[in-house]
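Student: sharing a model prediction with you, sequence too.
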Amino acid sequence: MMENQMTTREILLENLNETVSQLLETCQGIRDPNSLVYEGWTVKDVLSHLTFWHESFARNTSDLVNGSKPKPLRGKYSLLNERCFAEFRPLTMEEVITRFKKAHAVIQKNILDDTLKLIPYRVGSRDYPPDEHLKIVNDHIKEHTNDIKKVFPGLK
């Protein structure tokens with residue numbers, strides 16, 4: 001293998017970085033973050049949901065790289081979403097974006113570490129190898145970004 005050839009994980013991180021850029025650009029281009037995307041979910045709620053999970057991913061990777069026991073989210077998805085909304089609804093869109101960016105920076109800092117073998121996702125779910133976790137996170141963010149863009153067809 002050539003020395004400067006990117007690893008699969010580096011490529012997956014680049015893909016995630018691009019998807020994150022598209023998400024943030026899309027969200028920052030929306031004048032009213034309270035516009036509905038799904039029934040009962042505003043643009044800000046969707047970004048809050050993604051931030052909530054991105055922060056969990058960031059914590060888990062950071063804990064593993066730093067030798068701490070990770071504490072993955074625990075509970076049913078519906079209850080985790082309720083917890084997310086209770087935590088994020090008082091925040092401004094800018095505050096949610098800042099938290100998302102901070103979480104993403106932690107992921108960028110830690111995800112390429114060779115010591116990462118399996119990353120917990122949620123209690124009761126299996127752990128994922130970093131490459132698979134990156135792909136799942138990328139697909140999740142991309143799906144929600146595309147749904148936001150459908151509501152705002154004038155955005156890039």
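Tutor: Noted; the coordinates are in hand.

Student: so residue 57 touches residue 119, yeah?
Tutor: Yes - shown here, residue 57 and residue 119 form a contact pair, counting by C-beta atoms under 8 Å, at 7.3 Å. Heads up, the C-betas are built off the backbone N, CA and C, glycines and all.

Student: which one of the two has more residues nearby?
Tutor: More neighbours sit around residue 57 than around the other of residue 57 and residue 119, counting by other C-beta atoms under 10 Å; the figures are 25 against 22.

Student: for stretch 84-97, output the C-alpha coordinates as CSV.
Tutor: Only the C-alpha atoms of stretch 84-97 are listed here, as CSV (Å, rounded to 0.1, in the frame of the first residue of the first chain):
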residue,chain,number,x,y,z
CYS,A,84,-33.3,14.9,23.7
PHE,A,85,-36.1,17.3,23.1
ALA,A,86,-36.4,18.2,26.8
GLU,A,87,-32.7,19.0,26.8
PHE,A,88,-32.5,20.8,23.5
ARG,A,89,-35.8,22.6,23.0
PRO,A,90,-34.8,25.5,25.3
LEU,A,91,-31.6,26.1,23.2
THR,A,92,-31.3,28.4,20.2
MET,A,93,-30.5,27.0,16.8
GLU,A,94,-27.1,28.5,17.1
GLU,A,95,-26.5,26.8,20.4
VAL,A,96,-27.5,23.4,18.9
ILE,A,97,-25.2,24.0,15.9
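
Student: got the phi and psi for residue 105?
Tutor: Backbone torsions for residue 105, taken as degrees, to the nearest 10, come to phi -60, psi -40.

Student: burial count for it?
Tutor: Counted with other C-beta under 10 Å, the burial measure for residue 105 works out to 11 neighbours.

Student: just residue 40 next, same as before
Tutor: Burial measure for residue 40: 9 neighbouring residues, criterion other C-beta under 10 Å.

Student: what's the pLDDT at it?
Tutor: At residue 40, the predicted lDDT confidence score is 93.

Student: so how far is residue 72 from it?
Tutor: Separation of residue 40 from residue 72 (C-beta to C-beta, to the nearest Å) stands at 26 Å.
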